[in-house]
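Peer 1: predicted model and sequence below, questions to follow.
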Amino acid sequence: MSLELTGLVKDFVSTKILSKIELDFLELEHWETLQHIEEINYLTSAPVDVCKELKLKDNSSWQLCCAAVLDAARPQKTSRTERLKNLIEKNSLL
């Protein structure tokens, strides 16, 4: 997790706006998480207010928050958030 990711998630929560470049950065971070999920040992929790604003459970990871931001800003047929939740459960990273 990078400081830029947390800052961009916080920015989105407060403004509901991110630039194309910022969203592209979050897409890359999300892709990296998906590619290396099996190598991750733990996930850092985001603050409760951020999780609530993104309609996630309290203490959700920053990676899930990133997925939720992308789902809100760039919706797809398949939810990034749900996909990542499933991978987190599968890899016992709760």
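Peer 2: That came through, no problem.

Peer 1: tell me where the model's unsure across the protein.
Peer 2: The model of the chain has pLDDT under 70 over residues 1, 94.

Peer 1: report the central residue of the chain.
Peer 2: Centroid check for the chain by C-alpha atoms, centre = their mean gives residue 66 as the closest residue, at 2.1 Å.

Peer 1: can you get me a residue count around residue 30?
Peer 2: By the criterion of other C-beta atoms under 10 Å, residue 30 has 21 neighbours. For every residue, glycine as well, the C-beta is placed using N, CA and C.

Peer 1: wait, it touches residue 70, no?
Peer 2: Yes. Using C-beta atoms under 8 Å, residue 30 is in contact with residue 70, at 6.0 Å.

Peer 1: mutual contacts of the two, please.
Peer 2: Residues touching both residue 30 and residue 70 (C-beta atoms under 8 Å, 6 or more residues apart in numbering): residue 80.

Peer 1: now do the buried residues in the strand or helix carrying residue 64.
Peer 2: Per DSSP states H and E: residue 64 is located in helix 62-73. In terms of neighbour count (16 or more other C-beta atoms under 10 Å), helix 62-73 has its buried residues at 62, 63, 64, 65, 66, 67, 68, 69, 70, 71, 73.

Peer 1: please apply the same query to stretch 15-23.
Peer 2: Residues of stretch 15-23 classed as buried by neighbour count (16+ other C-beta under 10 Å): 18, 22, 23.

Peer 1: got it, and stretch 50-62?
Peer 2: Using 16+ other C-beta under 10 Å as the test for burial, stretch 50-62 gives 50, 51, 53, 54, 56, 60, 61, 62.
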